[in-house]
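Asker: I would like the atomic coordinates for the input below:
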Amino acid sequence: MYTISLPIISLWLSLDSKLALFFLFGLSIILAATVRSAEMANRWLRPEVYPLFAAVGVAVGICGFQLVRNICINPEVRVSKENRAAGVLENFSEGEKYTEHFLRKYVRNRAPEIMPTINRFFTDPK
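Answerer: This next block holds a predicted model:
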């Protein structure tokens, strides 16, 4: 089971009785939370759950990337007070630079297919 170390006992003996009771109650809550977290880790950290963690991790990564991208380089987002005071800017070249990024330029001239070889196999008559 759990053991209480010597500094905790000396602290407990130096407190008043009501305060010691609150301290002991808080210590029991911490120990119970530790046991519950260990049980929860045993329940959720199984190999069957790894794909779920991977999918959620990828989704959080994409959201974080988009958030940082918009805050840092979006011409319509102004974080500093001086830039916000400027109002609406008519800077079309900066907006076009933001929207015409590398991925959009790469995908523009391609067919909207995920697996073109499989699509051609099943759709082209021979």
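Asker: tell me the spacing between the residue nearest the centre of the chain and residue 54.
Answerer: Nearest to the mean C-alpha position of the chain, by Cα atoms, centre = their mean, lies residue 60 at 4.3 Å. Distance, residue 60 to residue 54, using Cβ to Cβ, to the nearest Å: 11 Å. In this view, the C-beta of every residue, glycine as well, is placed from N, C-alpha and C.
Asker: now residue 119
Answerer: 27 Å.
Asker: what ranges do the strands span in the chain?
Answerer: Under the criterion DSSP state E, the chain carries no strands.
Asker: which residue of the chain sits farthest from its center?
Answerer: Furthest out from the centre of the chain (Cα atoms, centre = their mean) sits residue 126, at 49.1 Å.
Asker: what stretches of the protein score poorly on pLDDT?
Answerer: 1-25, 27, 31-33, 35, 37-38, 40, 84, 87-89 (pLDDT under 70).
Asker: 80 instead?
Answerer: 1-45, 75-99, 126 (pLDDT under 80).
Asker: can you show me the helices along it?
Answerer: 6-14, 17-44, 50-73, 81-85, 92-99, 102-108, 116-123 (DSSP state H).
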